[in-house]
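*Asks:* Quick one: sequence plus predicted model below, questions after.
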Amino acid sequence: MIDAMPPTEVANAERFERFGLDADAGVVARVRQEFTDWLRRFFTLDDVRRSDMVLAVNEALANAAEFAYVQADRPGTIDFQAEYDASSQTLSVCVEDRGMWRKRQTEPAPRTRGRGIPLMETLSDHAVIEPSTSGTTVKMQWQGVPRR
């Protein structure tokens, strides 16, 4: 059902990509740090805005790692892609898995759970979560991101 493939990595001023990542917490932590380093290297962001972006991305990655493959018979993968459009100073992020997240909570969340999606929506300028039978895609966007 879920085919793992070796991860591929690209990072330059316009792109940060990690495809075929193992869907686990350790990998999410490593990619979060690499993404933070990429933002520091190529963009002029204050600490709060950079932290907001990293937290939103972390929530998307963590949800994919924690929930997408709960019902799967073997581990799955996550694809992460950030693209920068210099002409509009827009940073777009896409996190994709080939599993299924749990349904969004409509009742008040327990104190320690259920805050990831609202964080993604609040911390980005635009966020869309697209569930399908072939996986879940999270798209987030930030405008006014100046490059170094």
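*Replies:* Alright, I've got the coordinates.
*Asks:* List of residues touching the strand or helix carrying residue 29?
*Replies:* According to DSSP states H and E, residue 29 maps onto helix 25-42. Helix 25-42 has contacts (CB atoms under 8 Å, 6 or more residues apart in numbering) with 11, 13, 16, 18, 21, 45, 50, 53-54, 57-58, 61-62, 65-66, 78, 80, 82, 84, 147-148. C-beta coordinates here come from the backbone N, C-alpha and C atoms, glycine included.
*Asks:* how many other residues sit next to residue 61?
*Replies:* 27 (other CB atoms under 10 Å).
*Asks:* That one against residue 94, yeah?
*Replies:* No: between residue 61 and residue 94 there is no contact under CB atoms under 8 Å: 11.4 Å.
*Asks:* Identify the contacts common to the two.
*Replies:* Both residue 61 and residue 94 are contacted by residue 80, under the criterion CB under 8 Å, 6+ apart.
*Asks:* Show me the beta-bridge partners of residue 138.
*Replies:* Beta-bridge partners recorded for residue 138 (DSSP bridges): residue 95, residue 129.
*Asks:* mind listing what it touches?
*Replies:* So residue 138 contacts 60, 63, 64, 93, 94, 95, 96, 120, 127, 128, 129, 130 (CB under 8 Å, 6+ apart).
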